[in-house]
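A.B. asks: Build me a model from this:
(2 chains)
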Amino acid sequence: MGVTCVCQVPVSEGKSVQQTVDILHKKLEQLGAVKQGNFWVDCETYHATGNATGQPSKLLYVMHNSETPLSCMALFEGGPGLSADANFDVLMVKLKSHFQNAKGHKVESRGVRYRYCDFLVKIGTVAMSSSARGISVEVEYCACVIPGDCWNLMKEFMQSFLGSNTPELPTVFTSKAEGLSVPVDCMDTMSQYLELFGRVRKQQVLPGSGVR
Amino acid sequence: MPVTGGAINMMEYLLQGSVLDQSLESLLHRLRGLCDNMEPESFADHELVYLLKGQQGNPFLLRARRSLLHPPAPWHLRYLGQPEVGDKSRLALVRNCVDVSASHGLPEVLNEMGFRMDHEFVAKGQLFRKGGMKVVVSKLSRVLVPGNTENTEPLSLSYLVELSVLAPAGQDTVSEDMRSFAEQLKPLVHLEKIDPKRLM
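C.D. replies: Model prediction:
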């Protein structure tokens, strides 16, 4: 795996989520990118029951990524995180009297995976309770694991199909004490998705996205 | 054990016993003869036991173990359920078992989830296998200063011997195989079913 950047692309003026996604697909295909299957990233929310101190309990997010199908990531927003094997989900079932799964809060991004030379681009429709709420774009530069060494190249590549929607260097890299020369890991990607899903949850429901 | 995922009903069958330090070599010699023909694996692990106190009922217990010999290796998190009640003549202790490999962020995440470390210890010893059976001979040591695994003191003058098998629920022939293996280790060590509740 390489350095990844996850960003949200706004729905085009006067178009639906699906139409905007189709426009992005066309742009990538014009560049010469090739479809390489599908991807999905999901995020479940757990909250602690029976909090003795009366403070609002922190939310535990358990995420999965089709790129690492045997793994499970557990993180707290802005807090510590871990990656574990698939049995972590089984452990959460055992913990159900202490941690409740807020089923209505599950967010997932699903879509097509494109390969363009050393880049992997994943355009996903972000959905919550089966209604489309936004669009995620993940760009991975597979040839490098140090953000400082390849950010300029990634930004240039993103500009070629995202234009003005190209994001800045993700805060997950700039906020690391050791700086941009630290190799990335899967938690960096999942933190970015978590941030994006958090923004999507807070957004207003998009008109015409199929919600009752 | 390979990760199978969704293995919600794996059970651990367990028999335990102990040998005094001076009898260790004879036991290891017999185990080398009886078990699978490979070099026995030495290990030195640091185990932390975490408790999550809920509103009611017993606290939820998790065991987190890391290798002191291979520091970059992942943590091993283990949940053990209540021993299966029922047939008193059942030959081994049977408990639901969930094993999770986790990255190095584990202690911080457990703390954030509300778990608190109850106690920790260091276990050093050897691991033998015979088919699906695992025999672990370990010396348990108390950690004198929290977090400092260099400074330890043995808990006793003996080694703990554990014979265990991880198998899906409902396989009752497992305990019989374990019992016949345990017979072959007598009189060097007497492995028996020890109910953890009796020790509380």
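A.B. asks: going forward, measure contacts and count neighbours with C-alpha atoms only.
C.D. replies: Fine.
A.B. asks: For chain A, what lies in contact range of chain B?
C.D. replies: Along chain A, the residues adjacent to chain B under the rule CA under 8 Å from any CA of the partner chain are A:48, A:50-52, A:58, A:60, A:70, A:75-76, A:80-91, A:95, A:98.
A.B. asks: quick one, phi psi at the residue of chain A found nearest chain B?
C.D. replies: Taking CA to the nearest CA, chain B has its nearest neighbour within chain A at A:Ala84, 4.1 Å off. When quoted as degrees, to the nearest 10, the phi and psi of A:Ala84 stand at phi -140, psi 170.
A.B. asks: burial measure for the closest residue to it other than its chain neighbours, as a count.
C.D. replies: With sequence-adjacent residues excluded and distances taken as CA to CA, 6 or more residues apart in numbering or on different chains, A:Ala84 is closest to B:Ala102, at 4.1 Å. The burial metric for B:Ala102, expressed as a neighbour count using other CA atoms under 10 Å in any protein chain shown, is 26.
A.B. asks: so where's chain B uncertain?
C.D. replies: Of all residues in chain B, those with pLDDT under 70 make up the ranges B:1-8, B:86-89, B:199-200.
A.B. asks: For it, identify the residue most remote from the centre.
C.D. replies: Taking CA atoms, centre = their mean, the residue of chain B most remote from its mean C-alpha position is B:Gln55, at 28.4 Å.
A.B. asks: Can you classify it by secondary structure?
C.D. replies: Going by DSSP: H, G, I helix; E, B strand; the rest coil, the secondary structure assigned to B:Gln55 is coil.
A.B. asks: Distance of it relative to chain A?
C.D. replies: 6 Å (CA to the nearest CA, to the nearest Å).
A.B. asks: What residues are bridge-paired with B:Glu41?
C.D. replies: B:Glu41 forms beta bridges with B:Leu127, as assigned by DSSP bridges.
A.B. asks: List the contacts of the residue nearest to A:Ala84.
C.D. replies: With contact taken as CA atoms under 8 Å, 6 or more residues apart in numbering or on different chains, B:Ala102 is in contact with A:82-85, B:74-77.
A.B. asks: and the residue nearest the centre of chain B, bridged to which residues?
C.D. replies: Taking CA atoms, centre = their mean, the centroid of chain B lies closest to B:Glu162, which sits 7.0 Å from it. Going by DSSP bridges, B:Glu162 is paired in beta bridges with B:Gln16, B:Val136.
A.B. asks: thinking it is in contact with B:Val19, fair?
C.D. replies: No - applying CA atoms under 8 Å as the test, B:Glu162 and B:Val19 come out as separate, 11.0 Å apart.
A.B. asks: Going along the chain, name the helices of chain B.
C.D. replies: In chain B, helices defined by DSSP state H lie at B:24-34, B:106-113, B:173-184, listed in chain order.
A.B. asks: what do you get for chain A?
C.D. replies: Listed in chain order (using DSSP H), the helices of chain A are A:17-31, A:87-94, A:147-162, A:171-174, A:186-202.
A.B. asks: can you redo these as a markdown table with mean neighbour count?
C.D. replies: Rendered in a markdown table, the data for those read as follows (neighbours: other CA atoms under 10 Å in any protein chain shown):
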| stretch | mean neighbour count |
| --- | --- |
| helix A:17-31 | 16 |
| helix A:87-94 | 19 |
| helix A:147-162 | 16 |
| helix A:171-174 | 16 |
| helix A:186-202 | 19 |
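A.B. asks: For PyMOL, write a command that selects the buried ones of the residues of chain A next to chain B.
C.D. replies: In PyMOL, the members of those classed as buried (16 or more other CA atoms under 10 Å in any protein chain shown) are selected with the following command:
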select buried, chain A and resi 48+51+58+60+75+76+80+81+82+83+84+85+86+87+88+89+90+91+98
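A.B. asks: Which of the residues of chain A next to chain B fall in strands?
C.D. replies: Cross-referencing the residues of chain A next to chain B against strands under DSSP state E gives A:48, A:60, A:75-76, A:81-85.
A.B. asks: how long is stretch B:170-189 end to end?
C.D. replies: Counting by CA to CA, to the nearest Å, the length from the leading to the trailing residue of stretch B:170-189 is 28 Å.
A.B. asks: what's the answer for stretch A:89-108, then?
C.D. replies: When the termini of stretch A:89-108 are compared using CA to CA, they are 17 Å apart.
A.B. asks: From chain A, how far off is B:Lys53?
C.D. replies: Going from B:Lys53 to chain A by CA to the nearest CA gives 9 Å.
A.B. asks: quick one, phi/psi of the closest residue to that residue other than its chain neighbours?
C.D. replies: Closest residue in space to B:Lys53, ignoring its immediate chain neighbours: B:Pro59 at 4.5 Å, by CA to CA, 6+ apart. Per-residue torsions, B:Pro59: phi -70, psi 150 (degrees, to the nearest 10).
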